[in-house]
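1. The sequence and its predicted three-dimensional model are supplied below.
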Amino acid sequence: MRWLLWKRQCRLLFEEDVGVPDDVLATGNHLLMENSNALIWMRETCARSELVQSWCKSPTGWVKMNVDASVSIDDQTVGVGGIIRDAVGSWQFGFARYVGRCNALLAEIWAIHDGLLHARELGYHRVELESDCLEAVHIVTCQSGAWGGSALLLSINRLLAMDWEVVVRHINRNMNKVADSLAKRGRASSIEPTNFSLPPEGMEDLVIQEQRAMSEDGGLPARDAPMSSDVSVGIG
């Protein structure tokens, strides 16, 4: 648009008759229309992206374990929580536990550990475990850094080495809202760990919202088994 105006100015200086600047007006309107259409497309694309980033169901024969940790900024008290759902998104099991005091990364690793432990004790053989902490997933799947010899990571390794199939995966926080709510519940209570065979009071609407988002989005594309990525590991 600026180029067209500059061109028009040059013609006014060096040419006697340039006529009515219809070309500038027409082109300007065209560019404005294109810009408006582009903004509409971007908004629609962003809306679709938000929908895709909602919770997704697991393949048939697998269960989905979502885990999270909640850390108090004031005193670093920590709670962890998680939820297991089947291939149609139905609640199978949930847990919430007060851990104590530690940093955020250690808390996320505790959440992964507890999620694996519960899934194993419940007898599941094919588990997708999802956490929204990329660094914790990297530590668990790559076994790198100073964490390699920690007792907590050794316990996770023993769980992963058992006779079952497990995929550990990093996900967006928008896909982990129920687990986050359970972790906050765990942090708020210093009593014994709590297990839930049904959604606890006050959490039903959040579970329904994630199920509804899954239904509208269709969940993950149909596949025979979870797809591995650079931050996922399959054990079995």
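-> Noted; the coordinates are in hand.
2. If you count contacts, what does the longest strand seen in the chain end up packed against?
-> For the chain, the strand with the greatest residue count under DSSP state E is strand 91-101. For strand 91-101, the elements it packs on are strand 77-85, helix 104-121, helix 177-187, strand 194-196, judged by 3 or more CB pairs under 8 Å, 6 or more residues apart in numbering; DSSP states H and E. C-beta here means a position set from N, CA and C on the backbone, and glycine is covered the same way.
3. how far off helix 177-187 does that strand point, in degrees?
-> Angle, strand 91-101 to helix 177-187, by axes from the mean of the first three to the mean of the last three CA atoms, to 10 degrees: 40 degrees.
4. dump the residue contacts of Val80.
-> Neighbouring residues of Val80 by CB atoms under 8 Å, 6 or more residues apart in numbering: 67-70, 96-97, 99, 107, 110-111, 114, 183, 186.
5. Of those, grab the buried ones for PyMOL.
-> Remark: buried members of the contacts of Val80, expressed as a PyMOL selection using 16 or more other CB atoms under 10 Å:
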select buried, resi 67+68+69+70+96+97+99+107+110+111+114+183+186
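6. what's the closest of the contacts of Val80 to Arg85?
-> Val67 (12.4 Å; CB to CB).
7. For that closest one, give me its contacts.
-> 80-82, 111-112, 114-115, 129-131, 179, 183.
8. Which of those residues sits closest to Ile208?
-> Ala179 (15.6 Å).
9. residue contacts, that closest one?
-> By CB under 8 Å, 6+ apart, the contact set of Ala179 is 66-68, 81-83, 111.
10. among the residues you listed, which two are most distant?
-> Ile83 and Ala111 (11.4 Å).
11. For the chain, which segments count as helices?
-> 2-14, 22-52, 104-121, 134-142, 151-160, 177-187, 204-217 (DSSP state H).
12. got any ranges where this protein has weak pLDDT?
-> 1-54, 143-149, 213-236 (pLDDT under 70).
13. same thing but at 80, please
-> Residues of the chain that meet the criterion pLDDT under 80 lie in 1-55, 143-149, 190-191, 209-236.
14. Leaving out the residues flanking it, which one is nearest to Trp164?
-> The spatial neighbour of Trp164 that comes closest, neighbours along the chain excluded (CB to CB, 6 or more residues apart in numbering), is His125 at 4.9 Å.
15. Just want to check the distance between that neighbour and Ser70.
-> His125 sits 29 Å away from Ser70, going by CB to CB, to the nearest Å.
16. repeat for Cys102
-> 12 Å.
17. so what sits against both of these two?
-> Contacts common to Cys102 and Ser70, judged by CB under 8 Å, 6+ apart, are Val78.
18. What's the end-to-end length of stretch 94-108?
-> 16 Å (CA to CA, to the nearest Å).
19. Pull out the buried positions in it.
-> Residues of stretch 94-108 classed as buried by neighbour count (16+ other CB under 10 Å): 94-99, 106-108.
20. Identify the residues contacting stretch 181-191?
-> Here stretch 181-191 has contacts from 67-72, 77-83, 94-99, 111, 193-194, 196, 200, 203, 206, using CB under 8 Å, 6+ apart.
21. check contacts around Ala119.
-> Ala119 sits next to 63, 65, 84, 127, 129, 166 when contact means CB under 8 Å, 6+ apart.
22. if we go to 10 Å?
-> 63, 65, 67, 82, 84, 92-93, 125-129, 159, 164, 166 (CB atoms under 10 Å, 6 or more residues apart in numbering).
23. Tell me how far it lies from Met65.
-> Distance, Ala119 to Met65, using CB to CB: 5 Å.
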